[in-house]
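Undergrad: Here is my input; please provide its structure:
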Amino acid sequence: MTVQDVRAFNRFYTNLIGALDYGRHLYAPYTLTEARVLYELAHSADTDAADLRSDLALDAGYLSRILNKFEEAGLIERAPSEKDPRRRRVSLTPGGRAAADLLDERARESVGSLLGAVDPGELPRLAEAMRTIRTILGDGHPPAGSTEVVLREPHPGDLGWIVQRNAALYAAEYGWNADYEGLVARIVADYAEDHDPHLERTWIAEWAGRPVGCVMCVRDDAPGTARLRLLLVEPEARGLGIGDRLVTAVTGFARGVGYRDLVLWTNDVLSAARRIYQRHGFVLTAEKPHRSFGKDLVGQDWRLDLHATGE
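TA: You can find the predicted model right below:
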């Protein structure tokens, strides 16, 4: 990865979305920056000029000229802030809100046309690539809301989320094909249709009000043995110890209900997950090369003796 790679991507994407001639791109008399200011005003109940300047990282003089233009056009009103009389509250007029709504509609149509030209099978991969860029280059801050990670049982729709996120993440990060999605779908369907809640359980890790991780504990064919399945943590939530917490939940549950062993199957390319298993005392018992999910892989069997370890 080089500076030139990033600059080449920036030139490509800027041209793709028409950022250099945004007004003509959306048939509107606004630049990209002016459209962003309108968008922020339309989506904020109480905003002042200082907030806009900070949120959009704009020069104070440049923002002032934009707001003056909007006020002359009857798009905004300015008044002393109720919170701090030294600041000026900025709000859209009915005409300003109509302009913002029109821009939003045209932007949606533009993006819809862009996505309409993409092979539907590539859309999950595209979405995941965009999410990865935001995660790696972003500031790492959580979304608005609580930053506490909560482990909970699945809510309606969460089992479907497990299938979708496993398929999308492994396709984006490892290039696995739809065979893996089929495997995950069968595992989840079997669990949904016939599981013993006393001996089997699924955990969803929730962060800032949305699911960011999951794991399952199900009965294995061998007597007295449980199997850990479908451990996953979203890229933006990695580094928070969620994987460790999910595995701790499985080992504690399996031990508590009387299982003697906990086993799992994984692949050697999943190095981050493997390190978690090793920290919890799992021992590698077998390895075997195989061709699955469109890739040449090395499958691994791991085992944890629940009587010999304690958390």
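
Undergrad: CA only for contacts and neighbour counts going forward, please
TA: Noted.

Undergrad: For the stretch 1-150 of the chain, which residues score under the pLDDT cut-off?
TA: Of all residues in the stretch 1-150 of the chain, those with pLDDT under 70 make up the ranges 19-21, 23-26, 45-46, 83, 135, 138-147.

Undergrad: how about the helices in it?
TA: Using DSSP state H, counting those that start in this stretch, the helices found in the stretch 1-150 of the chain span residues 3-17, 22-25, 32-42, 49-56, 60-72, 94-116, 123-137.

Undergrad: Which elements pack onto the longest one?
TA: Based on contacts counted as 3 or more C-alpha pairs under 8 Å, 6 or more residues apart in numbering; DSSP states H and E, the elements that helix 94-116 packs against are helix 32-42.

Undergrad: Off-centre distance for the helix it packs on?
TA: For helix 32-42, the gap between its own C-alpha mean and the chain's C-alpha mean amounts to 25 Å (C-alpha atoms, centre = their mean, to the nearest Å).

Undergrad: which stretches of the stretch 201-311 of the chain aren't confidently modelled?
TA: 309-311.

Undergrad: Where do the helices of it begin and end?
TA: Under the criterion DSSP H, counting those that start in this stretch, the stretch 201-311 of the chain contains helices at 242-256, 271-279.

Undergrad: Packed most tightly, which of the helices of the stretch 1-150 of the chain would that be?
TA: helix 32-42 (a mean of 18; mean count of other C-alpha atoms under 10 Å).

Undergrad: got the angle for that helix vs helix 60-72?
TA: Taking axes from the mean of the first three to the mean of the last three C-alpha atoms, to 10 degrees, one finds that helix 32-42 is oriented at 70 degrees with respect to helix 60-72.

Undergrad: relative orientation of helix 32-42 and helix 49-56 in degrees?
TA: Using the same axes, to 10 degrees, helix 32-42 lies at 120 degrees relative to helix 49-56.

Undergrad: Could you single out the most deeply buried of the helices of the stretch 201-311 of the chain?
TA: Mean neighbour count (mean count of other C-alpha under 10 Å) peaks for helix 242-256 among the helices of the stretch 201-311 of the chain, with a mean of 20.

Undergrad: What is that helix packed up against?
TA: Contact here means 3+ C-alpha pairs under 8 Å, 6+ apart; on that basis helix 242-256 packs against strand 201-207, strand 210-219, strand 225-233, helix 271-279.

Undergrad: hang on, the earlier thing: would you mind putting the helices of the stretch 1-150 of the chain into JSON lines with distance to residue 195 alongside?
TA: What follows is the helices of the stretch 1-150 of the chain, written out as JSON lines (distance: least, C-alpha to C-alpha, whole Å):
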{"stretch": "helix 3-17", "distance to residue 195": "47"}
{"stretch": "helix 22-25", "distance to residue 195": "54"}
{"stretch": "helix 32-42", "distance to residue 195": "48"}
{"stretch": "helix 49-56", "distance to residue 195": "49"}
{"stretch": "helix 60-72", "distance to residue 195": "59"}
{"stretch": "helix 94-116", "distance to residue 195": "39"}
{"stretch": "helix 123-137", "distance to residue 195": "30"}
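
Undergrad: Good, wrapping up.
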